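Visitor: Sequence and predicted model, in that order:
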Amino acid sequence: MDLQQGRRWIGESRSVTGFTGAGISTESGIPDFRSPNGVWARNRTVYFQEFLDNEADRIEYWRQKVESWPAIRDAAPNAGHLAFAELARQGKLLAMITQNIDGLHQRSGLDSELILELHGTTAEAACLGCGRRIPMDEAVERVGKGEPAPRCTHCAGLLKPATVSFGQSLPLEVLDRSQRAARSCEVFLAVGSSLVVEPAASLPLLAKQSGARLIILNRTETPLDSIADLVIRDEIGHTLPQLVAPLGERA
């Protein structure tokens, strides 16, 4: 099977659920956490319970987030992100599930109602007490002005980037909507994900078990390649726009 077969499946479908991992954002200059230059290679992991229990761990967590924020803040959506926006323009995109925290799907022009951020967003910081949120720029500025682990100005609760840390539960409402989108689509399009981080990695399998065609576009092998209807190993920004191009147009 080839790219044109996948294009036909998408072109003939009424509903596509998109799913993205870090691979789509590396082409925008954001390193994969697992890469040799990624955050995990250069910093120790601060687990959620450590963040809650220890001021020194909170300071280290914030130090890492402040260091990584400029690259995320200044990144621009690439052709892969824009391809999903094109699917939405065609009226086919049922949901855009992402493991990424960079907000690039929003910046591509996608309606935020379509985007399901399984691991949260680094664009905001959230109070773990009252739930209030502030822009990450504001939080980073406060750290720079001498608050190494800032607290909520309303309730003095712990302020934390609105991302899901190790040991922290995924947002249940987002996970539930993602599972429903996986069960309901005709095509599940998984892009740039190693498909090893659970429970997100189970969503393509759920879609396949529910009758959807599963297309995987990733540079390296994934554990679900053997059950996919189509596996493409190529550059996302080059390939994905061709895959979602309307059937009446030249890819």
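Guide: Received it, and whenever you're ready, just let me know what you need. Numbering: from 1, shown residues only.
Visitor: can you list the weak-confidence ranges in this structure?
Guide: 1, 32-41, 248-251 (pLDDT under 70).
Visitor: which stretches of it form helices?
Guide: 3-12, 22-26, 39-42, 48-53, 55-74, 79-89, 104-107, 136-144, 172-184, 202-209, 236-244 (DSSP state H).
Visitor: Reformat those helices as a markdown table; add distance to residue 152.
Guide: Bear in mind the C-beta positions are built from the backbone N, C-alpha and C, glycine included. Output for these, formatted as a markdown table (distance: least, C-beta to C-beta, whole Å):
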| stretch | distance to residue 152 |
| --- | --- |
| helix 3-12 | 44 |
| helix 22-26 | 29 |
| helix 39-42 | 25 |
| helix 48-53 | 14 |
| helix 55-74 | 13 |
| helix 79-89 | 32 |
| helix 104-107 | 24 |
| helix 136-144 | 10 |
| helix 172-184 | 22 |
| helix 202-209 | 33 |
| helix 236-244 | 38 |
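Visitor: quick one: which of those helices is nearest residue 162?
Guide: Using C-beta to C-beta as the measure, helix 136-144 is the one of these that comes nearest residue 162, at 8.4 Å.
Visitor: Which elements pack onto that closest one?
Guide: With contacts defined as 3 or more C-beta pairs under 8 Å, 6 or more residues apart in numbering; DSSP states H and E, the packing partners of helix 136-144 are helix 55-74, strand 120-127, strand 159-163.
Visitor: Swap in 7 Å and give it another go.
Guide: Counting contacts by 3 or more C-beta pairs under 7 Å, 6 or more residues apart in numbering; DSSP states H and E, helix 136-144 is packed against helix 55-74, strand 120-127.
Visitor: Now render those as JSON lines, adding distance to residue 244 and mean neighbour count.
Guide: Below are the helices and strands packed on helix 136-144 laid out as JSON lines (distance: least, C-beta to C-beta, whole Å; neighbours: other C-beta atoms under 10 Å):
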{"stretch": "helix 55-74", "distance to residue 244": "25", "mean neighbour count": "17"}
{"stretch": "strand 120-127", "distance to residue 244": "24", "mean neighbour count": "21"}
